[in-house]
Structure formats: C-alpha cells, structure tokens
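> Need coordinates for the below:
(2 chains)
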Amino acid sequence: MPDVDKKRAAHRALVDAVLQGDGKASATQRARAFSNEGLSPPLAELIGKVATRPAQVTEADFAAAKAAGCSEEQLFELVICAAVGESARLYEAGLAALAALGEGAATGEAG
Amino acid sequence: MRLDILNRGYRPGTKLLFAVIRLFSGHPVPDAAKLVFYRPGFYGDRAKEFTHEAMRGPSAWSVGDRELMAAYVSKVNGTPFCIAAHTATARRAYQDGGKVQAVLDDLASAPVEEPLRATLRMLGKLTAEGTLSAGDMREVLAAGVSRQQVEDALAVCAAFNTTDRLSDAFGFEVLSPEGFEAGAKFLLKRGYR
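Alright, predicted model coming up:
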C-alpha cells in the first residue's frame, strides 16, 4: 500500500527531525520531552501538561521554565517534541490495535 | 502566542510574506500558519508534509470526512482554535454545515454513514484515553471500514493531536468567523503544504 507507506514515512520524517535535527536543546532533553519522562521541574510540569492536558498550560508554566534557564528557542523545540511524542504514541496505539486483529478480520477486507 | 519568538522572531522575507497575505486576504495570518514558518527546518517543513499527506493525500475518505475527523479530534481535546478552523473547513468541503454541527453536538444521533460514525468514535476514544482494544477496532471494521481507511484516519488523528497540543500550549489566537472562513477557503484550495 504505497499511499499508506507515504503517510507513515512522512510521520517518521517529522519524528526524526524533531529528535535529531539541528536544535538548541540537547538531543537528550528533546528525547525526554518526546517521551514525557525524565525531566526535572519546572520543565517537567510544562512538558507533562503539553503531553496530557494541554488546555491547562499557562503563561506561568513558560515563565517558570525560563526562570530555570530554558531559552525561548529551547522551549519552542521541547514543546514541539512533547506534542509530536504524545501524538506518535496515539498513532502507534491505534496501529497496534489494528495489527492485533490480523489481516482479513471482521469484514473479509483483504487489507 | 506565548513565546515572543513566535510573534516577532521571523526572518525579513517571512515578515514580508505575512504582510502580503494580510493585505490580500484582509485577515492576519493565523497562528497555526505562522508556527510552521518559524525555523521550518526544525518542525514546520515536515509537519506540513505529513499533515498534507494525511489530509489531502490519496484516501477513500473524502476531504470533508478528513476535515470532520480533524474537527472531531479537536473537539475531544477541547482546542478552540482547531475546532473552529476545521469545523469551517469541513462545512465548506461538504457544503453542509448542519451535518458537521450535528456530529460535534452528538455523534450517536448525527446524520452520517455508519463507517464514518464508527471511525469518529474510535478516534475520539483513542484521543481521550490513549489506548484502544482489539474489540474497539473490530467494531470499526464490522461497520464496513477498510483497514486502509483505519490507517488513513489514524494519520489524521496523529496530525491533529499534534496541532491541538501546540495550539493550546502556545496559545493560538482564536480568529473572527470571517478569519476562519478565509482560512477554510485557503485550506481547500491549497492544502497544508
């Protein structure tokens, strides 16, 4: 299914760019933001909200992360990593649920 | 937006482009569009490519169906900018505002075909709960949705779970209804690239 592969490939390229492309935040920090694991407060609070309850992000979350030494360029990158990371996990979870059914499940669709 | 660099940090050529767009469209450039112009090598270029592929690439789902999925996922996430933007785009794509509003108000009773309803329900559950069972997915296939359609819908879901988070985190400014209509027209004419 080349069209499906194209969507998945475009998604993979996005993930690779935010994790490994040129950036001001270290690759380690970006990976932690992407996985929403292993960051220290107050950055952990901001990134955790972006991943799981983004409507609750406030100016104060950004101010606290800046006061702790993060630049705006780094926060731009880390917030994006958190958003792309959580979405990638949802994408994988959906594809895994589909794969678990096996080819030809339910409708006789050839897959 | 919540970072000054996203309000003022653009290169001169990009600032000029924003001014030209504002002049010709009569509306400011939406924050969603601005974001992908900031250091595009980091995020914007590939985000546009993936979103365009998901929303406008080959699929058995129509453009209207996919815009409705974007609006619905945004509704589940409670993201005002994206709900309005993709409600306007879906409405315009379908030429049927009532159907779009009915889905957002109450999916169970909305006048849509069962495959689309089952797919929206699945995307909503994945977005809200972060997980799906094989049983959830079996229901979607049993409603007549092909495996490829499921994969296509999951790509839309991934694209808008990303954009919704960035909208909320960076604080995208909600536009006037006319601003969202202008954006919808642009997205149907040009897509996301």
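> Tell me who's in contact with the residue nearest to the spatial centre of chain A.
Nearest to the mean C-alpha position of chain A, counting by C-alpha atoms, centre = their mean, stands residue A:85 at 1.3 Å. Residue A:85 is in contact with A:33, A:34, A:35, A:36, A:51, counting by C-beta atoms under 8 Å, 6 or more residues apart in numbering or on different chains. Every residue, glycine included, has its C-beta placed from N, CA and C.
> mind checking the SS state of it?
Classification of residue A:85 using DSSP: H, G, I helix; E, B strand; the rest coil returns helix.
> Would you mind measuring from it to residue B:82?
Taking C-beta to C-beta, to the nearest Å as the measure, residue A:85 and residue B:82 are separated by 19 Å.
> element containing residue B:39?
In the assignment (DSSP states H and E), residue B:39 maps to no helix and no strand.
> Could you do residue A:76 as well?
Counting by DSSP H and E, the element that carries residue A:76 is helix A:72-101.
> just checking, what's the longest helix in chain B?
helix B:147-170 (DSSP state H).
> chain center to the helix or strand that comes right after that one, what's the gap?
Remark: after helix B:147-170, the chain's next helix or strand is helix B:177-190, criterion DSSP H and E. The gap between the average C-alpha position of helix B:177-190 and the chain average comes to 12 Å, counting by C-alpha atoms, centre = their mean, to the nearest Å.
> now what about stretch B:28-40, what contacts it?
Stretch B:28-40 is contacted from outside by A:76, B:1, B:5-6, B:9-10, B:14, B:17-18, B:21-22, B:43-45, B:47-48, B:81-82, B:85, B:163, B:166-167, B:170-173, B:175, B:179, B:183, using C-beta under 8 Å, 6+ apart.
> for stretch A:33-51, same thing?
For stretch A:33-51, the external contacting residues (C-beta under 8 Å, 6+ apart) are A:15, A:18-19, A:25, A:29, A:32, A:52, A:56-57, A:61-62, A:64-65, A:67-68, A:70, A:75, A:77-79, A:81-86, A:88, B:165, B:168-169.
> Name the residues of it that come out as buried.
When burial is assessed from 16 or more other C-beta atoms under 10 Å in any protein chain shown, stretch A:33-51 yields the following buried residues: A:33-36, A:39, A:42-51.
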